[in-house]
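*Asks:* Model the structure of this input:
(chains A and B)
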Amino acid sequence: MVRNPLSKSGNKYLRKFRKWPHSPYKTSWHHTFGEQQAMQILKKATLEVASSDQSQTQNLRYPFLLSTLLDSFKAFSTAPTPKAYYFLIKTLTSTSRLQDIAPVLDHVEQSEKFETPEFIFVHLIRFYGLADKVQDALDLFFRIPRFRCTPTVCSLNLVLSLLCRKRECLKMVPQVLLKSQHMNIRVEGSTFRVLIKALCRIKRVDYAIKIMSCMVEDGYGLDDKICSLIISSLCEQRDLTSIEALVLWRDMRKLGFCPGVMDYTNMIRFLVKEGRGMAALGIMNQQKEDGFKPDVVCYTMVLSGIVAEGEYGKLEELFDEMLVLGLIPDVYTYNVYVNGLCKQNNVNEALKIVASMEELGCKPNVVTYNTLLGALCVAGELGKARGIMKEMGLKGVGFNLHTYRIMIDGLVGKGEIGGACLLLEEMLEKCLFPRTSTFDNIVFQMCQKGLTDEAMELTQKIVAKSFVPGARAWEALLLNSLSRAEYSETTFSGLLDTN
DNA sequence: ATAGGGTTAG
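*Replies:* Below is the predicted model:
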């Protein structure tokens, strides 16, 4: 086959194939020379301005640098080039001389004839955005055609991302999109991405999804990145329910979305957070069908969701499955499992698991012990609970706020007010404060047992530490002192009657 | 290679 010398693979510099005609400035050498000379003068002037007092160099009619630009090009009989203006504007923005930008723009708009390149506006709009001048950015965007420039999706995307960054500007987005159509800007997939990204960032996932549907309806392909972005924003939003999220997930998959490991994880986390453990299990099963092996964290999340939903049958099954897959449970996983056993009132099995996790080199932590303590208190086995506390001390696992609350509530529940008070003292020494209901219960029970003075003393002590007892505590104290007063009053009136 | 995940509430 003979190669056609004039084919597309031929010399692209031949006039016939040249995409753009040569700039008139570049066709004659003296213009090029003039431009270079003028630019040098401009750059020199810029440096001088930078090192001098700005107010001294202000010209009345034009900002100093603009008149320098005009004068120097005039001196070389050359028309100022877009490049020169770009340089000028970059200088003004980098030195934050905002007040000088407007006259330059006015001049380019009214006195120059060239087609202003879009990147000048892109630069300025970005600058306005960084300077938090969204309105200026927007005004300039709409003004672009007056500079003999046809704006493209570049400027549009930029303006949109600025608008999406602020909640109060969001409402302008539809208007801008509409106007951009009149400006003959062709919206692209990138525009949708900009909008969706910005909406996810400000946690308006509902809007992001609406945009995504528009995108699909308009025939743009759905890309995995957008899906991932939306899925990863599910946890931090409140607009979408778990049911809606599941529908979304199904629809995305129908449209060809191929989830990555992080997508399954994010979806599972959201569902578990919403109390949908079985639905989370469904997603993890999809993950396995899709050929990804879920890791320990995924299993732990699903296990905790299943426990929260009370699906204990699945708990055993899933824990075993995890072991079969060769995953090593860590302390988080064991804590979920132990909690599941405790929820089933199977404390003995829970204790066995804790013993075996130690044998396997996985040290129980304060969460593990708190779980056991809670279960033992519920079962009324305070003695065993005390044993666990002792064990914690021996193992060097410190008590935290939960530990005290669980134990104090447990002791109060059993009427062991003395022990509860000792623990309360201990936590106050560590600057830990009980929750109101715990404290109120202690006071209430002390009053019931006739320990009114002690209850009063305890209340005074904790109030001195800026703790505010609840209504129940005040009521108990008040009723006690009232009944005393009543007693003395009846005695008194009885005395009066006899008189 | 890393993070992520776990207690409780009448």
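*Asks:* Helices along the stretch 151-300 of chain A, start to end?
*Replies:* With DSSP state H, counting those that start in this stretch, the ranges of helices along the stretch 151-300 of chain A come out as A:153-165, A:173-182, A:189-201, A:205-217, A:224-232, A:242-254, A:261-273, A:277-289, A:296-308.
*Asks:* can you put the ones you listed in a markdown table and add mean pLDDT and distance to DNA strand B?
*Replies:* Quick note: C-beta positions are derived from backbone N, CA and C, even for glycine. Formatted as a markdown table, the helices of the stretch 151-300 of chain A follow (pLDDT from 0 to 100; distance: least, CB to the nearest atom of the strand, whole Å):
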| stretch | mean pLDDT | distance to DNA strand B |
| --- | --- | --- |
| helix A:153-165 | 93 | 25 |
| helix A:173-182 | 93 | 31 |
| helix A:189-201 | 89 | 17 |
| helix A:205-217 | 90 | 17 |
| helix A:224-232 | 93 | 11 |
| helix A:242-254 | 95 | 15 |
| helix A:261-273 | 96 | 4 |
| helix A:277-289 | 96 | 11 |
| helix A:296-308 | 97 | 4 |
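*Asks:* Same list (those) but as CSV, adding distance to A:Gly374 and mean neighbour count.
*Replies:* Putting the helices of the stretch 151-300 of chain A into CSV (distance: least, CB to CB, whole Å; neighbours: other CB atoms under 10 Å) gives the following:
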stretch, distance to A:Gly374, mean neighbour count
helix A:153-165, 46, 21
helix A:173-182, 50, 14
helix A:189-201, 38, 20
helix A:205-217, 36, 18
helix A:224-232, 33, 20
helix A:242-254, 27, 16
helix A:261-273, 21, 21
helix A:277-289, 20, 19
helix A:296-308, 14, 22
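*Asks:* show me the contacts for the closest residue to DNA strand B within the stretch 101-250 of chain A.
*Replies:* Nearest residue of the stretch 101-250 of chain A to DNA strand B: A:Cys235, at 7.4 Å (CB to the nearest atom of the strand). Taking CB atoms under 8 Å, 6 or more residues apart in numbering, we find A:Cys235 in contact with A:Asn266, A:Arg269, A:Phe270, A:Lys273.
*Asks:* The first one contacts A:Ile231, doesn't it?
*Replies:* Yes - taking CB atoms under 8 Å as the definition, A:Asn266 is a contact partner of A:Ile231 at 5.0 Å.
*Asks:* who touches both of the two?
*Replies:* Common neighbours of A:Asn266 and A:Ile231 (CB under 8 Å, 6+ apart) do not exist.
*Asks:* I'd like the distance between the closest residue to A:Glu274 other than its chain neighbours and A:Tyr299.
*Replies:* Here the nearest residue to A:Glu274 in space, its sequence neighbours aside, is A:Ser242; by CB to CB, 6 or more residues apart in numbering that works out to 4.0 Å. Distance, A:Ser242 to A:Tyr299, using CB to CB, to the nearest Å: 20 Å.
*Asks:* just A:Ile328 next, same as before
*Replies:* 11 Å.
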